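Colleague: any chance you could fold what I've pasted below:
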Amino acid sequence: MALIKCKECGKELSDKAKICPNCGYRERKPITKKTILTFGVIALIVALFGVILCFVGSKVQEKKEYKEYNELYSKTKQMMYDDGQKCQEYCKNMPLDSGYSTHDYMVNFADESKILWDNYEVIKDNMKKLKEIPDSSYQEPYNQLESLFNGYDKLMELTAYAGDGYEEECENYSNSFNKTYKLLSGEE
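Modeller: Have a look, this model is predicted:
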């Protein structure tokens, strides 16, 4: 064991000592090329792993958004179809020529009518959300759904009033709505 002088305080200490017992000075080892290369490789691996995680995370998020969009699209389409069918029944059964007044008919079906109008508000909100399409491949299906909504909207209007030409309007809007739904569903 050889004695050396501390670079900080100048006192003698063993060449095996890692810290000067007098002042606490610690000799720092020089940084080698091997150390720099090792840390560089580790940093590169960590950075690459981070990039991969970000990419995978964005793909997972994108898949989730597509799934949510598709579910909302399907739910909205089905709600429109179901309620459109109820509107058509409502229109067909509207007593226009009998002694039974339109007002009485509407009062008797007030609960059902309220449900239809509540659903209408939900469907309108869904259409606003669906307008924000995830990518251009969704534009055409959205346009078709919007066309179905326009027909549905007209049928909903017919549940609120009955006037001149009511039966003809019901027939025209019902036919248009059903045709649009079949096209949208691939049935035609």
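Colleague: residue 91 should be in a helix, yeah?
Modeller: Yes. Assessed by DSSP: H, G, I helix; E, B strand; the rest coil, residue 91 belongs to a helix.
Colleague: ok, it - contacts?
Modeller: Counting by Cβ atoms under 8 Å, 6 or more residues apart in numbering, residue 91 makes contact with 155, 158-159, 166, 170, 174. (Glycine included, C-beta is placed from N, CA and C.)
Colleague: recalculate using a threshold of 7 Å.
Modeller: Contact partners of residue 91, counting by Cβ atoms under 7 Å, 6 or more residues apart in numbering, are 158, 170, 174.
Colleague: what segments of this protein are strands?
Modeller: 3-5, 12-14 (DSSP state E).
Colleague: quick check: mean pLDDT of the first one?
Modeller: Computed over strand 3-5, the mean pLDDT rounds to 89.
Colleague: just the buried positions in that strand, please.
Modeller: By neighbour count with 16 or more other Cβ atoms under 10 Å, strand 3-5 contains no buried residues.
Colleague: that one: partners in the sheet, and parallel or antiparallel?
Modeller: Paired strands of strand 3-5, with direction, are strand 12-14 (antiparallel) (DSSP bridges).
Colleague: residues contacting the residue sitting nearest the centre point of the chain?
Modeller: By Cα atoms, centre = their mean, the mean C-alpha position of the chain lies nearest to residue 65, the distance being 4.0 Å. Listed by Cβ under 7 Å, 6+ apart, the contact set of residue 65 reads residue 134.
Colleague: look up how far residue 132 lies from it.
Modeller: Note on residue 65: its distance to residue 132, by Cβ to Cβ, to the nearest Å, is 10 Å.
Colleague: buried stuff in stretch 172-188?
Modeller: Buried-residue list, stretch 172-188, by 16+ other Cβ under 10 Å: 173-174, 176-178, 180-181, 184.
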